[in-house]
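Visitor: Sequence first, predicted model second:
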Amino acid sequence: MKVIVTGATGFVGGALVRALVARGDEVTAVARPSADRTVLADVPVRWLTGDVTQPDSLAGQFAGADALIHAAGMLGQAGVPEAAYTQLNVEGTRHVLAEAARAGIGRVVHVGSPGVLGPIAGPPATEEAPLAPSNAYERSKAEAERIALKAAEAGLPVVIVRPEFVYGVGDLHVLGLFRTVQRGLFFYVNGGRALCHPTYIGDAVAGTLLALDSGRAGQIYHLCGPQPVTFRQLGEALADGLGVRRPWLSVPRPLAWGGAAVLEGLGKVLGVRPPIGRAGIEFFSDSRHFSFAKAHRELGYTPETTLAQGVAQTIAWYREKGLLVSK
């Protein structure tokens, strides 16, 4: 099968490219002119130079493909204006799906996020829960999902997957969290009682390929780890894997929120990105946990990597690459 992957030089996109090539698919990797392609230097792919925010750069480039996985996007981080999320996550999705429709691609997977549901106060959220984004990143992903569903209604065979809190070998986005725990600087917000749902990259990729092969057009599938954990459990798992003292400090949310606001203000004045912003405090103090029952039932998705296993593999890779100091 001939598959196009946008965001191919990113963490999830790159892992998808490797998995597709490994199973025998012919992959075209989409990357901006400035993207670092060395991350896939050892993988036999065809490169397509294009920018999802520039539709002219994609015109006619998807012809002949059987399938497309849209994995390009910007993750949530402190100090990023909402317009930047809108340009890449929303308009980028609009441009990619429009070009896919013009090319007559027979299978499209849009990589979304369960974050579009916002904080989850009750039982694990299903795909039927209403959209309730709580920050700029989530709002942009929610709007991108609406675009994908409208494209599906118009006849483009789009399947949406929502991988949650993905980490693992090849990831640099949560490297700062590992480093913060290793340096003894990580603290809990409100005792670390909120729930999160870490998903190892191997499981997220496996679920995405299952959706590519057998997901129903117009449907949404949660892809998450075997079980949710509290942020205290997450902090302790990272510390144990790193061989350092477990985090112990807890800060009330109002105090943490105020400190993050100050850091954001200083970041604007100094022209630097703050280490954590108010959205980060929300992330560490609001519960977000999800049910993958639908993906299990319809796709056969079953996450296999426990948190301890995933953390160990991730730390080993970080150390191999010199990104974390050894004990």
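Guide: All right, it came through fine. Numbers count the residues shown, from 1 in each chain.
Visitor: Residue 147 is in contact with residue 97, correct?
Guide: Yes. Counting by Cβ atoms under 8 Å, residue 97 does reach residue 147; the two are 6.5 Å apart. C-betas here are computed from N, CA, C, even on glycine.
Visitor: more neighbours, these two?
Guide: Under the neighbour definition other Cβ atoms under 10 Å, residue 97 and residue 147 were set side by side, and residue 97 has more, 24 against 21.
Visitor: pLDDT below threshold where in the chain?
Guide: 78-79, 327 (pLDDT under 70).
Visitor: Could you pull out the strands in it for me?
Guide: Using DSSP state E, the strands found in the chain span residues 2-6, 26-31, 46-49, 67-70, 107-111, 158-163, 166-167, 188-189, 195-196, 199-200, 220-223, 229-230, 250-251.
Visitor: burial of the closest residue to residue 30 other than its chain neighbours, as a residue count?
Guide: Nearest residue to residue 30, sequence neighbours excluded (Cβ to Cβ, 6 or more residues apart in numbering): residue 6, at 4.4 Å. Residue 6: 28 surrounding residues under other Cβ under 10 Å.
Visitor: Residue 6 contacts residue 61, correct?
Guide: No. Using Cβ under 8 Å, residue 6 makes no contact with residue 61, being 10.8 Å away.
Visitor: How much space separates the residue nearest to residue 106 when sequence neighbours are not counted from residue 136?
Guide: In this structure, residue 106 finds its nearest non-sequential neighbour in residue 66, 5.8 Å apart by Cβ to Cβ, 6+ apart. Applying Cβ to Cβ, to the nearest Å, the value for residue 66 to residue 136 is 35 Å.
Visitor: ok, now residue 320?
Guide: Using Cβ to Cβ, which is the criterion applied here, residue 320 is 34 Å from residue 136.
Visitor: higher neighbour count, the two?
Guide: For residue 320 versus residue 136, the count of surrounding residues by other Cβ under 10 Å is larger for residue 136: 19 against 10.
Visitor: quick one: contacts for the closest residue to the more buried one other than its chain neighbours?
Guide: Excluding its sequence neighbours, the residue lying closest to residue 136 (Cβ to Cβ, 6+ apart) is residue 82, at 4.0 Å. Residue 82 makes contact with 136, 139, 140, according to Cβ atoms under 8 Å, 6 or more residues apart in numbering.
Visitor: what's the neighbour count on the residue lying closest to residue 121 once chain neighbours are set aside?
Guide: Distances taken as Cβ to Cβ, 6+ apart place residue 287 nearest to residue 121, at 6.7 Å, with adjacent residues excluded. For residue 287, the count of nearby residues is 18 (other Cβ under 10 Å).
Visitor: residue contacts, residue 287?
Guide: Going by Cβ under 8 Å, 6+ apart, residue 287 touches 119, 120, 121, 194, 195, 196, 228.
Visitor: Buried by neighbour count, from those residues: which ones?
Guide: Burial by neighbour count, 16 or more other Cβ atoms under 10 Å: within the contacts of residue 287 this picks out 119, 120, 194, 195, 196, 228.
Visitor: Just list the residues touching the last one, thanks.
Guide: Read that as residue 228. Counted by Cβ under 8 Å, 6+ apart, residue 228 has contacts 124, 195, 196, 197, 287, 289, 290.
Visitor: Just to check, the second one is in contact with residue 233?
Guide: Which is residue 195. No. Applying Cβ under 8 Å as the test, residue 195 and residue 233 come out as separate, 9.2 Å apart.
Visitor: now the helices for the stretch 1-150 of the chain?
Guide: 11-22, 82-85, 92-103, 136-153 (DSSP state H, counting those that start in this stretch).
Visitor: Nearest to residue 262 among those would be which one?
Guide: For the helices of the stretch 1-150 of the chain, the distance to residue 262 is smallest for helix 136-153, at 19.3 Å, taking Cβ to Cβ.
Visitor: one step back: for the strands of the chain, give me a markdown table that also has distance to residue 77.
Guide: Output for those, formatted as a markdown table (distance: least, Cβ to Cβ, whole Å):
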| stretch | distance to residue 77 |
| --- | --- |
| strand 2-6 | 20 |
| strand 26-31 | 20 |
| strand 46-49 | 25 |
| strand 67-70 | 20 |
| strand 107-111 | 17 |
| strand 158-163 | 17 |
| strand 166-167 | 15 |
| strand 188-189 | 18 |
| strand 195-196 | 17 |
| strand 199-200 | 19 |
| strand 220-223 | 22 |
| strand 229-230 | 22 |
| strand 250-251 | 21 |
